[in-house]
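J.: sequence first, predicted model second:
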Amino acid sequence: MRSLLEDVAAGSLDVERAMLRLREAPFEDLGFAKPDHHRALRQGIAEVIYGAGKTPDQIRQIALHMCSCGQKTILITRMSGEAAEWVGRELSLHYDELSHVGIIGNLPEPDGIGRIVIATGGTSDIPVAEEAAHTAEAFGNEVVRLYDVGVAGIHRLFAYREEIMTARVIIAIAGMEGALASVIGGMADCPVIAVPTSVGYGASFGGLSALLSMLNSCASGVSVVNIDNGFGAGYLASMINHMRRQ
């Protein structure tokens, strides 16, 4: 980094080339993990820690190194309560037991263009919805939550027409037959991100039924992420909400 700055100061390297080298800057090798400290420079969003499968101490070490490199907000998904307790001993951690999401540091001020609306078919879908909501908020978005507005009582959804029609992007989360995404897709004039959940009885096949229904949606403008992937939906919604017309 010092050599790079000296080359720019000496005029032997222009700013654009220096920025390119920064985007390609190396990761940090911890042996068991390689935190990518320059992901925010390349992609606009800093690296996120996926907690499932990692030991509490591995999560702690990764988070400590990310903090030491200046990352102000660290998002940890699929984090166990045991890991949250361990990490919280050294770092200021907010942990949501429902979604298993941990956030270190302060949430940024919302700087997205509009609002992200997150709607669920039922109360049982809320853990996935909260993963999406915390993800979007950690990336600087205003989030509106509409929970338990599924098609079994569609009048509940219609009560929120204004929120749906004024959203910049909508995340529709549902299990069972996954019909909510198609209904919202037929109402809204913005992109709809569908999230199938593993909620449902035996023939739902752990969310596969909802996934196939959403993939076969007749509504235009509906995209689909993987089963229970609230993080992926929140991430994509944030990208859409930060895209400005040139």
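T.: Okay, I see it. Numbers count the residues shown, from 1 in each chain.

J.: CA-only coordinates of the helix or strand of the chain with the lowest mean pLDDT, as CSV, when you get a sec.
T.: Considering only helices and strands, the least confidently modelled element of the chain by mean pLDDT, DSSP states H and E is helix 39-43, at a mean of 74. In CSV, the C-alpha atoms belonging to helix 39-43 read as follows (Å, rounded to 0.1, in the frame of the first residue of the first chain):
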residue,chain,number,x,y,z
ARG,A,39,-14.6,-6.5,-1.6
ALA,A,40,-16.4,-3.2,-0.8
LEU,A,41,-14.0,-1.4,-3.3
ARG,A,42,-14.9,-4.0,-6.0
GLN,A,43,-18.5,-4.6,-5.4
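
J.: and the next helix or strand past it?
T.: Going down the chain from helix 39-43, the next helix or strand is strand 49-50, by DSSP states H and E.

J.: so which elements touch that following strand?
T.: Here strand 49-50 is seen to pack against helix 56-68, strand 74-77 when contacts are counted using 3 or more Cβ pairs under 8 Å, 6 or more residues apart in numbering; DSSP states H and E. Using the backbone N, CA and C atoms, a C-beta is placed for each residue, glycine as well.

J.: which stretch in those is the model least sure about?
T.: Set side by side, the helices and strands packed on strand 49-50 differ in mean pLDDT, and helix 56-68 is lowest with a mean of 90.

J.: next, the buried residues of that helix.
T.: Of the residues in helix 56-68, those scored as buried under the neighbour-count criterion (16 or more other Cβ atoms under 10 Å) are P56, Q58, I59, R60, Q61, I62, A63, L64, M66, C67.

J.: quote the end-to-end distance of stretch 149-167.
T.: 16 Å (Cα to Cα, to the nearest Å).

J.: ditto for stretch 215-232
T.: Here stretch 215-232 reaches across 16 Å from its first residue to its last, counting by Cα to Cα.

J.: summarise which helices and strands the least confident helix or strand of the chain is packed against.
T.: For helix 39-43, the contact count by 3+ Cβ pairs under 8 Å, 6+ apart identifies helix 15-23 as packing neighbours.

J.: enumerate every residue touching A179.
T.: G121, G150, V151, S213 (Cβ atoms under 8 Å, 6 or more residues apart in numbering).

J.: apply 10 Å and report the result again.
T.: With contacts taken as Cβ atoms under 10 Å, 6 or more residues apart in numbering, A179 has the following neighbours: G121, G150, V151, A152, I154, A172, A210, S213, M214, S217.

J.: need the pLDDT of it.
T.: Turning to A179, the model gives it a pLDDT of 94.

J.: partners of T120 in the sheet?
T.: Here T120 sits in beta bridges with I173, going by DSSP bridges.

J.: and it, what does it touch?
T.: Residues counted as contacts of T120 (Cβ under 10 Å, 6+ apart) are 126-130, 132, 145-150, 171-175, 180, 195, 197, 199.

J.: of those, which belong to strands?
T.: Counting by DSSP state E, the contacts of T120 place R145, L146, I171, A172, I173, A174, V195 in strands.

J.: count the residues that sit near the fifth one.
T.: I take that to be I173. Other residues near I173 number 34, with proximity taken as other Cβ atoms under 10 Å.
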